[in-house]
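> Next comes the sequence, and after it the predicted model I'd like to discuss.
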Amino acid sequence: MNESKIILKKSLGEWFNMMTAGGYRVVGPVGQDGQIDFEPVTSPDAVRFDHVQTNNSGKWVMFPRYEAMMRFRLSGKEVQAGEIPPQAPPTVLFGAHPCDAASLATLNAVFTWDSSDAYFEPKLANTTIIGLSCTKGDSYCFCTSVGGGPGDTRGSDVLLTPLDGEKFLAEILTEKGKSVVGLAPQLFSAADGTSKEAALAKIPARFNHRDVTAKLPSLFPKEDVWKEQSLRCLGCGACAYVCPTCSCFDIQDERDRYTGVRIRCWDSCGFGLFTLHASNHNPRHKQSERWRQRVMHKFSYQPERLNVLGCVGCGRCSRSCPVDMNLGEHVAALAEIKV
């Protein structure tokens, strides 16, 4: 399914009202310059359309930062425990750029590769993505180097492209997209062959990701390469926490004397304790080894095992890094190494 329509910007408010009336929670990019994030919204007046990128991704809609899985209570010598069913309200993720929409394929591959994740899958099933094409980028963007683009439709159920200050081209791509458009069909008119290309940002490619994937196994033992690239890395984990595709998590119990809760929370392979064994052995005890793991995971292991890239080129990791570890530049440098 791929049908194109036109919707006027002034009609978005009525569309929002219809989605809310239809039982959807709408989440979109809101905030001021310097801090724009995905949060629940009730009106398009609060939504940002002019930003290059949000500070954090919208993956928390499907994969929350922390999520309660079980509650337990101590009663004498007995332990009473009960699972907490996943919460998956019908949600519209509005205004996700194409890189964020494309990241869902990576998350889905991770959380369904051998068995379906009981917490992730229902959230994804109940989420509709209304994407927003990019009309501008910056030096951190490298989506075109990893198979994406400013107008990429992958992962979106509807993709909106701002054509000018008054109207959007709406590409209806899936049955989910057809359903949310069907809530207010009177707001959409025929596109009559309107093209979005002239409105899209121009993001030059920096490297060929297939060449990098093919080269990385031979670069794995070259310790000097990884040491040089990782010298500035603090191991703070900021890159993982803003990344739309990072899926590492920990499971911890938090309790007081009699009650407690088991939660799943985000984690990062960049943390020094991430691979620490109970024996006190740590197979990745140097930061260079942890940086290598991050790059290999995204550009070698996941393509090999899951047939997806672990990077969508959004550039958030580089923007958020306190010491300017620029992933796009580092991977481009790896692509130039002769092996």
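Perfect, I can see it now.
> Quick check: which element contains residue 165?
Following DSSP states H and E, one finds residue 165 outside all helices and strands.
> how close does it get to residue 199?
11 Å (Cβ to Cβ, to the nearest Å). (Glycine included, C-beta is placed from N, CA and C.)
> More neighbours: which of these two?
residue 199 (18 against 7; other Cβ atoms under 10 Å).
> my guess is the more buried one contacts residue 133, does it?
Yes - counting by Cβ atoms under 8 Å, residue 199 touches residue 133, with 7.1 Å between them.
> Identify the contacts common to those two.
161-162 (Cβ atoms under 8 Å, 6 or more residues apart in numbering).
> Just the strands from the protein, written as ranges.
All strands of the chain, identified by DSSP state E, fall at 3-8, 25-32, 35-40, 66-75, 78-83, 91-96, 127-132, 158-162, 167-172, 188-190, 249-255, 259-266.
> Among those strands, which comes closest to residue 60?
strand 35-40 (7.3 Å; Cβ to Cβ).
> Run the angle between that closest one and strand 25-32 for me.
160 degrees (axes from the mean of the first three to the mean of the last three Cα atoms, to 10 degrees).
> per-residue confidence for the residue located most distally from the centre of the chain?
Distance from the centre of the chain peaks at residue 76, with 44.5 Å (Cα atoms, centre = their mean). Model confidence at residue 76, given as pLDDT, is 85.
> Count the neighbours of residue 10 for me.
11.
> separation between the closest residue in space to it that isn't next to it in sequence and residue 11?
In space, and not counting its chain neighbours, residue 10 is closest to residue 166: 7.6 Å by Cβ to Cβ, 6 or more residues apart in numbering. Taking Cβ to Cβ as the measure, residue 166 falls 10 Å from residue 11.
> More neighbours: these two, which one.
Taking other Cβ under 10 Å, residue 166 and residue 11 do not tie; residue 11 has more neighbours (18 against 9).
> which residues touch residue 119?
Taking Cβ under 8 Å, 6+ apart, one finds 67, 69, 86, 264 in contact with residue 119.
> so can I have a markdown table of those residues showing distance to residue 127, pLDDT and neighbour count?
Below are the contacts of residue 119 laid out as a markdown table (distance: Cβ to Cβ, whole Å; pLDDT from 0 to 100; neighbours: other Cβ atoms under 10 Å):
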| residue | distance to residue 127 | pLDDT | neighbour count |
| --- | --- | --- | --- |
| 67 | 15 | 96 | 20 |
| 69 | 20 | 96 | 15 |
| 86 | 13 | 93 | 16 |
| 264 | 18 | 96 | 19 |
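> Now for those residues: which two are most distant?
Largest pairwise distance in the contacts of residue 119, by Cβ to Cβ, is 10.5 Å, between 86 and 264.
> Got phi/psi on the residue farthest from the centre of the chain?
Backbone torsions of residue 76, given as degrees, to the nearest 10, read phi 60, psi -120.
> Let me know the distance separating it from residue 258.
10 Å.
> can you check residue 150 too?
From residue 150 to residue 258 the distance is 54 Å (Cβ to Cβ).
> Pick out whichever of these two has more residues nearby.
A count of neighbours by other Cβ under 10 Å puts residue 150 above the other of residue 150 and residue 258, at 23 against 9.
> Next, the contact list for the closest residue to the more buried one other than its chain neighbours, please.
Spatial nearest neighbour of residue 150, excluding adjacent residues (Cβ to Cβ, 6+ apart): residue 134 at 3.8 Å. Going by Cβ under 8 Å, 6+ apart, residue 134 touches 52, 97-98, 141, 143, 150-151, 200-201, 203.
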